[in-house]
Structures are given as C-alpha cells and as structure tokens.
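K.L.:
Pasting the sequence and the predicted model now:
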Amino acid sequence: MTGLMLLAMLLVILAAAEIFTNALEHLGERLKISEGVTGSIFAAVGTAMPESMVPLVAVLAGTDNAQVNEEIGVGAILGAPLMLSTLTLFLMALSVVKKRGVNGVLNPERTGLRRDMRFFLVAFGFSLVAMFLPHDTHTARAVLAIALVFVYFIYVMMTLRVSAQLVADGHGTEAHSEMYLCRLGLPDGWPVLIIQITVGFGLLIGGAKGFVHSVHEIAPMVGLSPLVLALLIIPVATELPEKVNSILWIRRHKDTLAFGNITGAMVFQGSLLPAIGIMLTPWTPSPAVLSGVLVTIGAAAWITVLSYRGQLRVGHLFVNGALYVGYLIFVLSH
C-alpha cells in the first residue's frame with residue numbers, strides 16, 4: 001500500500017511540476033525578466049520554500065528528544081545542497097543523454113551560472129568554518145550566521161540588477177506554450193496566471209508531503225539513523241521530486257532555466273538555512289556531516305571550473321552523480 005501511495009504522489013508531483021513551470025514561464029515573460037531570475041529566484045525559492053520548513057520544524061518543534069531533533073535539522077539543512085549539487089544535476093543530464101549524447105553541449109547562461117556557484121561556495125565555506133567553532137562562541141557564530149543572510153541578500157540584488165541587460169541580449173524568459181488554464185477556455189490574464197501558479201505550487205507541496213510520508217514509513221525498515229535519514233532520504237523526498245522542473249526545462253532546451261532552478265536553490269538552501277543551523281544546533285563536524293559538506297563543495301567547485309573552461313557537456317555532470325554514489329557508499333558503510 002505504501003508503495004502505491006509513493007507512486008501516486010510521484011504522479012501528482014510530475015503533473016504539478018508541468019503546471020508550475022508553464023505558469024512561471026508566462027510570469028517571467030510578462031514581467032520581462034531574464035531566464036536567470038525566473039529560474040534562480042522565482043522557481044528555486046518557490047520550490048525550495050516548503051522543504052525549508054523541515055529543519056525548522058525539526059529543531060523548533062520536533063520530538064521530545066532534543067538530540068534527534070538536532071540531527072534531523074542538521075541533516076535536512078546540509079542534505080539538500082548535497083543532493084542538488086550531485087544527484088539532481090546528474091539526473092538532469094541523464095534525462096537528455098539519449099537526445100544530446102554524452103558529449104552533447106549544455107548551454108546555461110554563463111554569467112548567471114558562475115554567479116550562483118561563486119555565491120554558493122562562499123556561503124557553504126562559511127558553514128564549514130562554523131562547524132569548527134566551539135558551541136559556546138556565540139558572538140562568532142552569530143557573525144557567521146548574519147554573514148550568510150547578507151550573502152543571500154547581495155545575491156538576489158545582483159541577480160535582479162543584471163536582468164534587463166540579459167533580456168536585451170536575448171536571454172529573456174519565453175513561454176514554451178499557452179497557459180494550461182487558458183486551454184480550458186479561461187481568459188489569458190493576470191488572475192488566471194496567479195491561479196495556475198497557486199494550483200501548481202499547492203500540488204507540488206501536497207505531492208511532496210505525501211511523498212515524504214511514504215518515505216518515512218519505508219525508511220525504518222532499512223534501519224537508518226535520524227542523521228542519515230535526514231541527510232539522504234529527506235532531501236530526496238522533498239527536493240528531488242520538485243526539481244522535475246529542471247528536467248522538463250532542459251528537455252525543452254531551456255538550459256538557463258533548468259540550471260537556475262537547481263543552482264538558485266543551492267544558494268538559498270546553502271545560505272539562509274545553515275544560518276539557522278549555526279545558531280540553533282551544535283553544528284559539529286561528525287564524519288557523515290563533514291564528508292557530506294566536502295562532497296558538496298567538491299561538486300559545486302567542479303561545476304564552477306567547467307563554467308569557466310567553456311563548453312559544459314552532458315557527460316561532465318556524470319562526475320556529480322559519481323560523487324553522490326561515493327558519498328552514499330561511505331555513509332552506509334560507517
């Protein structure tokens with residue numbers, strides 16, 4: 001029964017992602033903003049926001065066991081960037097390998113990709129440093145947490161600032177097809193657009209929550225600890241299904257939107273949420289946590305290097321998938 005529910009929720013998420021991405025494309029087109037803003041801010045934050053509640057709920061209002069709450073919170077905070085930088089990018093590339101080939105070129109807008117990666121690496125670097133600060137150094141931890149919030153604020157400002165020039169250079173958001181609600185006979189206007197965004201977003205949340213519930217029922221059967229569950233299962237359950245948006249976009253050759261949806265979420269999840277973890281949890285470098293952070297930084301650094309080298313190819317992202325598998329083997333064997 002749990003398996004059927006899992007499948008049903010995946011189908012809901014797939015349908016919701018199609019509705020949501022269609023609406024976002026029309027929103028970006030109407031606002032005359034670049035694909036970078038649509039993907040890195042609107043889509044990324046919109047789909048990451050519900051999952052951001054998992055660590056908050058775990059830390060602030062979880063179980064009666066404070067240690068379990070903290071483990072789930074830290075795992076959920078760090079697990080999302082880990083999965084986005086490795087498994088999600090790999091699956092996105094895998095979805096077009098048949099059509100484009102292993103040597104097929106991926107064409108996200110370069111300046112936006114580099115900006116996302118630079119901001120992420122800076123923010124996650126702060127998070128790594130914070131792990132080695134004693135828990136009672138409240139001032140130093142507070143400074144790092146505030147710095148992480150500031151990093152994201154600057155990131156949003158810079159992304160918005162370059163939007164107009166990118167639109168002029170041909171990187172404006174263009175809708176792939178007519179709005180789905182308009183196909184039902186509704187008028188093409190702002191009210192219908194808002195309704196479709198709301199419906200798609202609501203279905204994404206509902207589908208993801210149902211998916212999480214099903215995964216939580218299955219996970220104890222394999223005997224995972226709260227930390228490993230949070231690092232591996234929760235991000236896959238909450239983040240990965242909603243990143244179907246990127247698969248849909250890249251299959252339509254909207255590479256900037258596809259990458260931005262992932263890398264923008266990485267910046268959001270790698271700055272604001274670690275700030276919460278630094279302030280509310282011990283934030284210590286246990287083997288599973290520290291290795292996960294290093295793998296995440298390594299995967300992000302690999303994408304950054306590729307973005308500066310020139311052409312980014314489908315096969316390059318297989319390295320990110322290999323990093324995830326390697327981490328999985330390490331964690332499950334310890």
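P.N.:
In hand now; what should we look at?

K.L.:
any low-confidence regions in the stretch 51-200 of the chain?
P.N.:
Applying pLDDT under 70 to the stretch 51-200 of the chain picks out residues 51-66, 68-69, 163-176.

K.L.:
repeat for the stretch 201-334 of the chain
P.N.:
Along the stretch 201-334 of the chain, the model assigns pLDDT under 70 to residues 208-209, 211-226, 229-230, 234, 237-242.

K.L.:
Can you show me the helices along it?
P.N.:
If DSSP state H, counting those that start in this stretch is used as the criterion, the helices of the stretch 201-334 of the chain fall at 226-228, 234-238, 244-251, 255-280, 287-309, 318-332.

K.L.:
Determine how far the longest one lies from the middle of the whole chain.
P.N.:
In this case it means helix 255-280. Between the centre of helix 255-280 and the centre of its chain there are 6 Å (CA atoms, centre = their mean, to the nearest Å).

K.L.:
Packing partners of that helix?
P.N.:
Other elements packing on helix 255-280 under the criterion 3 or more CB pairs under 8 Å, 6 or more residues apart in numbering; DSSP states H and E are helix 35-37, helix 44-61, helix 66-83, helix 89-94, helix 110-130, helix 138-161, helix 244-251, helix 287-309. C-beta: built from backbone N, CA, C; applies to glycine.

K.L.:
Now G315. Nearest residue, chain neighbours left out?
P.N.:
In space, and not counting its chain neighbours, G315 is closest to V102: 4.0 Å by CB to CB, 6 or more residues apart in numbering.

K.L.:
Let me see the backbone angles for that neighbour.
P.N.:
Backbone geometry at V102, expressed as degrees, to the nearest 10, gives phi -60, psi -30.

K.L.:
what residues are up against it?
P.N.:
The contact partners of V102, taken as CB atoms under 8 Å, 6 or more residues apart in numbering, are R313, V314, G315, F318.

K.L.:
just to revisit the earlier point, tell me which of the helices of the stretch 201-334 of the chain lies nearest to F153.
P.N.:
When the helices of the stretch 201-334 of the chain are compared by CB to CB, helix 255-280 sits nearest F153, at 9.1 Å.

K.L.:
what's the angle between the closest one and helix 138-161?
P.N.:
With axes from the mean of the first three to the mean of the last three CA atoms, to 10 degrees defining the directions, helix 255-280 sits at 160 degrees from helix 138-161.

K.L.:
mind checking how far the residue nearest to the spatial centre of the chain is from A76?
P.N.:
In the chain, the centroid-proximal residue (CA atoms, centre = their mean) is A265; its distance is 3.9 Å. Separation of A265 from A76 (CB to CB, to the nearest Å) stands at 14 Å.

K.L.:
residues contacting V97?
P.N.:
V97 is in contact with G104, V314, G315, counting by CB under 8 Å, 6+ apart.

K.L.:
Make TSV out of these and add distance to R252 and neighbour count.
P.N.:
Below are the contacts of V97 laid out as TSV (distance: CB to CB, whole Å; neighbours: other CB atoms under 10 Å):
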residue	distance to R252	neighbour count
G104	15	16
V314	15	22
G315	21	14
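
K.L.:
Look up phi and psi at P187.
P.N.:
phi -70, psi 150.

K.L.:
Need the contact partners of stretch 103-111.
P.N.:
Outside stretch 103-111, the residues that touch it by CB under 8 Å, 6+ apart are 34-36, 93, 96-97, 100, 162, 166, 171, 250, 253, 255-256, 258-260, 307, 311-315, 317.

K.L.:
Let me know the closest of the contacts of V102 to A16.
P.N.:
Using CB to CB, V314 is the member of the contacts of V102 that lies nearest A16, at 26.4 Å.

K.L.:
before we move on, back to that, dump the contacts of V102 to TSV, plus distance to L121.
P.N.:
What follows is those, written out as TSV (distance: CB to CB, whole Å):
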residue	distance to L121
R313	22
V314	23
G315	23
F318	21
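
K.L.:
Am I right that A275 is in contact with F150?
P.N.:
No. A275 is beyond contact range of F150, at 9.6 Å (criterion: CB atoms under 8 Å).
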